[in-house]
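In: From the sequence below, what's the structure:
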Amino acid sequence: MLESMRLFPSEPAARAVAAKLYETVRDLPIISPHGHTDPAWFAKDEAFPNPAALFIQPDHYIFRMLYSQGVSLESLGIPQVDGQQKADPREVWRIFAKHYYLFRGTPTRLWLDYSFSTLFGLKERLSEKNADQYYDVISRALETPEFRPRALFERFNIEVLSTTDSPLDTLEHHKAIRESGWKGRVLPTFRPDAVIDAEYVNFVQNIEELGEVTGENVGTYKGYLNALRNRRQFFKSLGATATDHGHLTAMTADLDAAAVEALYQRILSGRSTPEEQQLFQGQMLTEMAGMSVEDGLTMQLHPGSIRNHNMQVYEKFGRDKGADIPSPTEYVRNLRPLLNKYGNDLRLTFILFTLDESTYSRELAPLAGHYPSLRLGPPWWFHDSPEGMMRFRELATETAGFYNTVGFNDDTRAFLSIPSRHDVARRIDCAFLGRLVAEHRLEEAEAHEVVLDLTVNLVKKAYKL
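Out: This is a model prediction of the structure:
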């Protein structure tokens, strides 16, 4: 089911170089600096309950495709806001298998085939006919110690894995991992959206809780900033090396003290306008950059997603249920206030992501090719695919080069997909470099250095790992 030369160029000379490069990085440790796996998996190290709970229910890549073809989320056992999750796991798996053909040509198909073959020895393509066989094989495996979360972490050769966590999180699972004596390195990431985005559910209550947790007076802007600094230090104490920000736009602002205090009070009142809320988010991105200069946390910005586009799904199932849709994103003017203040400061590492590929060569690569603080994150979410990765390399390298990028991160909730996602990224980088060598644009010895940097060195440097 898995071809050894998959994703390499069809042109023989480039293909041969790509294959040689791949052999040098295929078995290197996985560095996963940004993702959404559950730290409780590694703290408790309990068996995954069943194949549906492992593969389908946490993975919006899978259930959004099924939903688009008329399969109800209820039938897939996707948890609902009211706590309901009534679906037989085996029947969920049968529905998935019956519709497996929907994933033809998608990166999800690559990831799933890789997991089925390498982890469970399932070589025949999943279908309605062999659905029960698949389910039984995977179920038996999940009952064994070799398929507990920590064992899989080690089997996958993961050197470090970062989660994404609310600023109000107690990080109890991260504490438990540290205290357990297990050698696996699982780190938190500070994601302050819940106390920065005024559209967030229970936003004002979140601010109040932030004050209670930190003991700071969040009734003033100064106290609010001190509370955020407090939480950042708490996250750092448990190993965090980065922050992450998921705003709709890349807008930043740099208001004077009086204006920002007045804006904060308006936000805190719960009566702010959408324009004021966006301005506040922009101000806070600049503040977060300043705090990263102070404390050294790498800053990530993931803009451009209109969240919860399908209100019926959101009201019944909540956030992150496959209804987030990319939107055009402007960076050059929007980032100027932040970059004018901190873009030339070598203490800041600011990683930009995008869901708007039209910005790669026009905006992002020129910005990262100039400002010392900026780096380009890898293709993300809808563009985390062989085609998306290749487009990124082709459009960004000409202006930003390789060394203003940060390697690959998987950004996944689906734990078993991590090795396959990194394998795809390594293969595509080797394919791109193989083509440069075949076209005499790069010496093969240089390509070997670059592919090692793209696989491990750049990500370690950018995320201070």
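
In: Phi, psi for Arg375 please.
Out: For Arg375, the backbone dihedrals (degrees, to the nearest 10) come out as phi -140, psi 150.

In: Check the gap between it and Leu54 for me.
Out: Arg375 sits 33 Å away from Leu54, going by CB to CB, to the nearest Å. All C-beta atoms are positioned from the backbone trio N, CA, C, and that covers glycine.

In: and Glu159, that one's in a strand?
Out: Yes - counting by DSSP: H, G, I helix; E, B strand; the rest coil, Glu159 is located in a strand.

In: neighbours of the nearest residue to it once chain neighbours are set aside, just the number please.
Out: Using CB to CB, 6 or more residues apart in numbering and skipping residues adjacent in sequence, the residue nearest Glu159 is Pro29, 3.8 Å away. Counted by other CB atoms under 10 Å, the residues lying close to Pro29 total 13.

In: for Pro29, phi and psi?
Out: The phi/psi pair for Pro29 (degrees, to the nearest 10) reads phi -60, psi 150.

In: Contact partners for it?
Out: Listed by CB atoms under 8 Å, 6 or more residues apart in numbering, the contact set of Pro29 reads 157-159, 456.

In: Let me know the closest of the residues you listed to Asp256.
Out: Ranked by distance to Asp256 (CB to CB), the contacts of Pro29 are led by Val456 at 43.7 Å.

In: sorry, back to before: could you check how far the residue nearest to Glu159 is from Leu465?
Out: As it turns out, when the distance is counted by CB to CB, Pro29 lies 11 Å from Leu465.

In: likewise Asn130?
Out: Asn130 is 41 Å from Leu465, where distance means CB to CB.

In: Tell me where the chain is predicted with low confidence.
Out: Scanning the chain for pLDDT under 70 picks out no residues.

In: on that earlier part again, more neighbours, Asn130 and Leu465?
Out: Leu465 (18 against 14).

In: Report the beta-bridge partners for the nearest residue to the more buried one once chain neighbours are set aside.
Out: Once its chain neighbours are removed from consideration, Leu465 has its nearest residue in Val160; the separation is 5.5 Å (CB to CB, 6+ apart). Counting by DSSP bridges, Val160 forms beta bridges with Ile31.

In: From what I see, Val160 and Gly35 are in contact.
Out: No - in this structure, Val160 sits apart from Gly35 without contact. The criterion is CB atoms under 8 Å, and the distance is 10.8 Å.

In: Please report phi then psi for Ala242.
Out: Dihedral angles phi and psi of Ala242 (degrees, to the nearest 10) take the values phi -150, psi 160.

In: Apart from its neighbours in sequence, what residue is nearest it?
Out: For Ala242, the nearest residue in space outside its immediate sequence neighbours is Thr298; the separation is 4.2 Å by CB to CB, 6+ apart.

In: Test my guess that that neighbour contacts Ile351.
Out: Yes - contact criterion CB under 8 Å: Thr298 and Ile351 qualify, at 6.6 Å.

In: center of the chain - which residue?
Out: Most central in the chain under CA atoms, centre = their mean is Asp411, positioned 2.2 Å from the mean C-alpha point.

In: sec struct for that one, please.
Out: Reducing the assignment at Asp411 to three states with three-state DSSP gives coil.

In: Quick one: neighbours of Arg155, just the number.
Out: The criterion is other CB under 10 Å. On that basis, Arg155 has 13 neighbouring residues.

In: Please renumber the chain so that the first residue is 8 from this point on.
Out: With 8 as the first residue, the last one maps to Arg162.

In: any idea how far it is from Trp118?
Out: Taking CB to CB as the measure, Arg162 falls 16 Å from Trp118.

In: Same question for Gly384.
Out: Computed as CB to CB, the Gly384 to Trp118 distance reads 19 Å.

In: do Glu268 as well
Out: Where Trp118 is concerned, Glu268 sits at a distance of 48 Å (CB to CB).

In: For these two, indicate the residue with more neighbours.
Out: When Glu268 and Trp118 are compared for neighbours, Trp118 comes out ahead with 27 against 15, by other CB under 10 Å.

In: any idea which element the residue of the chain positioned farthest from its centre lies in?
Out: With distances taken from the mean C-alpha point of the chain and given as CA atoms, centre = their mean, the most distant residue is Ala265, at 36.2 Å. In the assignment (DSSP states H and E), Ala265 maps to helix 264-276.

In: In that helix, which residues are buried?
Out: 267, 270-271, 273-275 (16 or more other CB atoms under 10 Å).

In: What are the boundaries of the strands in this protein?
Out: Counting by DSSP state E, the chain has these strands, from start to end: 37-39, 165-169, 193-194, 249-252, 305-308, 312-313, 332-333, 357-359, 381-383.

In: Quick one: neighbours of Tyr378, just the number.
Out: Using other CB under 10 Å, Tyr378 has 18 neighbouring residues.

In: In this structure it contacts Leu346, no?
Out: Yes - A contact is recorded between Tyr378 and Leu346 when judged using CB under 8 Å, the distance being 5.7 Å.

In: Tally up the residues packed near the nearest residue to Leu245 once chain neighbours are set aside, please.
Out: Taking CB to CB, 6+ apart as the measure, Leu245 lies nearest to His181, with 4.8 Å between them; neighbours along the chain are not counted. Number of residues near His181 (other CB under 10 Å) recorded here: 24.

In: Let me see the contact set for His181.
Out: By CB under 8 Å, 6+ apart, the residues touching His181 are 46, 50, 170, 172, 193-195, 245-246.

In: Show the contacting residues for the closest residue to Asn351 other than its chain neighbours.
Out: Here the nearest residue to Asn351 in space, its sequence neighbours aside, is Pro379; by CB to CB, 6+ apart that works out to 6.0 Å. Residues in contact with Pro379, defined by CB under 8 Å, 6+ apart, are 350-353.

In: Repeat the analysis, applying 10 Å as the threshold.
Out: With contacts defined as CB atoms under 10 Å, 6 or more residues apart in numbering, the neighbours of Pro379 are 350-357, 411.

In: one step back: output the contacts of Pro36 in a markdown table; the columns should cover neighbour count and distance to Ile332.
Out: As requested, these are arranged in a markdown table below (neighbours: other CB atoms under 10 Å; distance: CB to CB, whole Å):
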| residue | neighbour count | distance to Ile332 |
| --- | --- | --- |
| Asn164 | 12 | 35 |
| Ile165 | 20 | 31 |
| Glu166 | 15 | 34 |
| Val463 | 19 | 33 |
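
In: got CSV for these, with distance to Glu364 too?
Out: Listed next are these as CSV, based on distance: CB to CB, whole Å:
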residue, distance to Glu364
Asn164, 31
Ile165, 29
Glu166, 30
Val463, 26
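
In: which one of those sits closest to Pro56?
Out: Ile165 (21.9 Å).

In: Grab the nearest non-local neighbour of the closest one.
Out: Sequence neighbours aside, Ile37 is the residue nearest to Ile165 in space, at 4.6 Å (criterion: CB to CB, 6+ apart).
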